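**Student:** Give me a 3D structure for the following:
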Amino acid sequence: MPLGNNHKELEIWDGIVEKTEKKLATWKTQYLSLGGRITMISSVLDALPTYVMSLFPLPAKVEDRLDKLRRDFLWLGNKEGKGIHLVKWQTAQLSKKSGGLGIKNLGLQNRCLLSKWLWRFGKEGQALWKDAIVSKYGQIDSWASNTVTSTYGVSV
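**Tutor:** Numbers count the residues shown, from 1 in each chain. Okay, here's the model as predicted:
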């Protein structure tokens, strides 16, 4: 992802979607069982966008596109057409203890990864990234900086 670009532009997320599509194209899904496809989704496809999602909010359109790729791979493999969906996608995203397939919800994962920065802001004493934010926006208390008042020049 290029630095300095607006994270809301969908084009900057194209690299993540393309990497996912390339991974899917190389896998021989006719040899994978349903359990094998679930494992590939959990171990590889869920990991691809993790770093970028820890820094930027994931746009809903990108989340929908990645979910469609993962959903189609789960139910269709590499075949074209319409596969049999054994459970709803929301059920597939539940934990195994809750009766789901244990596939991560990318939107929820994104919010959790971004919330980590709020926790670190209050927990870390002296960190360069925290000092940069405090010097630019000020600090209300140990857990929050002042709110951004304008959209122009908000980069650190």
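**Student:** so where is the chain shaky, pLDDT-wise?
**Tutor:** Along the chain, the parts satisfying pLDDT under 70 run over 1-8, 78-83, 142-156.
**Student:** where's K68 relative to I84, distance?
**Tutor:** Going from K68 to I84 by C-beta to C-beta, to the nearest Å gives 17 Å. For the C-beta atoms, the positions are set from N, CA and C on the backbone; glycine is no exception.
**Student:** Neighbour count: those two, which is higher?
**Tutor:** Per other C-beta atoms under 10 Å, whichever of K68 and I84 has more neighbours is K68, with 11 against 6.
**Student:** How about the contacts made by that one?
**Tutor:** Contact analysis of K68 by C-beta atoms under 8 Å, 6 or more residues apart in numbering lists nothing.
**Student:** hang on, P49 packs against I16?
**Tutor:** Yes - applying C-beta atoms under 8 Å as the test, P49 and I16 come out as touching, 4.8 Å apart.
**Student:** Which one of those two is surrounded by more residues?
**Tutor:** More neighbours surround P49 than the other of P49 and I16, with 23 against 20 (other C-beta under 10 Å).
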